[in-house]
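Visitor: based on what follows, work out the 3D shape:
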Amino acid sequence: MTRQLPIRLTVALAALAVPLLGSANTSGQQAGARQGAPPAAQTAPATPAAQTAPAKPAAPPASAPVPASAPEGYSYRAEGRRDPFVSLLNRGTDVRQRTAEGLAGLLASDVVLKGILQNRGTFLAIVQGPDGKRQYIAHPNDRFADGVVKAITADSMLILQEVNDPLSLTKQREIRKSLRSVEEVK
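Guide: From the prediction side, this is the model:
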């Protein structure tokens, strides 16, 4: 009786191991088929205990799901919401890339109106850059880095600035640069 218990235990374990070996063998055959190895080289030798146990048919291999084609490019549609990929810390900051010379390299918020000239019935503005050294003459419809001169009057210059704030609903705003501030007029 004591010798029959280990044999029965071995047979029971072998019966449980056959399906596991069968599924491992089929997955090994799939890996070998992908790598180009012959399937005969990957069969495991049968043990005497496995031969006495009834063999269960191996489960059919699960086919790998074919991934759906990913979209080419992603574009975020705000639809009134905040873009989660835009930093809240640097919101609306100006990217200062001074690639152009003259007025085209200046930002509308950086220029200071120094004077107004009248030439043949049209007004011209004398503006100073942020460095305080160079001065430029601006005509109506001249471009800045982020805007355009809309109009020049006898005492002010009107600039139509393009807003670079992703959370702002307005894309343009008007900036009026006055020759004299309100306090000086009093």
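Visitor: which residues of the protein score low on pLDDT?
Guide: 1-5, 18-71, 90-99, 181-186 (pLDDT under 70).
Visitor: for it, just list every one of the helices.
Guide: Applying DSSP state H to the chain gives helices spanning 4-35, 48-52, 182-185.
Visitor: residue 176 and residue 155 touch, don't they?
Guide: No. The pair residue 176 / residue 155 is not scored as a contact, 10.1 Å apart, by C-beta atoms under 8 Å. Any C-beta I mention is one placed from the backbone N, CA and C, and that applies to glycine too.
Visitor: relative to residue 89, how far out is residue 177?
Guide: Distance from residue 177 to residue 89, counting by C-beta to C-beta, to the nearest Å: 29 Å.
Visitor: actually residue 135, sorry about that
Guide: 35 Å.
Visitor: comparing the two, which residue is more hemmed in?
Guide: residue 135 (13 against 5; other C-beta atoms under 10 Å).
Visitor: so what's that one closest to, chain neighbours aside?
Guide: Among residues not flanking residue 135 along the chain, residue 128 sits closest, at 5.0 Å (C-beta to C-beta, 6 or more residues apart in numbering).
Visitor: across the sheet, point out what pairs with the one you found.
Guide: residue 112, residue 135 (DSSP bridges).
Visitor: got a list of what it touches?
Guide: 111, 112, 114, 134, 135, 136 (C-beta atoms under 8 Å, 6 or more residues apart in numbering).
Visitor: now the residues you listed: which count as buried?
Guide: If you count burial by 16 or more other C-beta atoms under 10 Å, the buried members of those come out as 111, 136.
Visitor: just give me the closest of the contacts of residue 128 to residue 14.
Guide: residue 111 (88.6 Å; C-beta to C-beta).
Visitor: re earlier: list just the nearest of the contacts of residue 128 to residue 17.
Guide: residue 111 (83.2 Å).
Visitor: measure the closest one to residue 141 for me?
Guide: Counting by C-beta to C-beta - residue 111 and residue 141 are separated by 16 Å.
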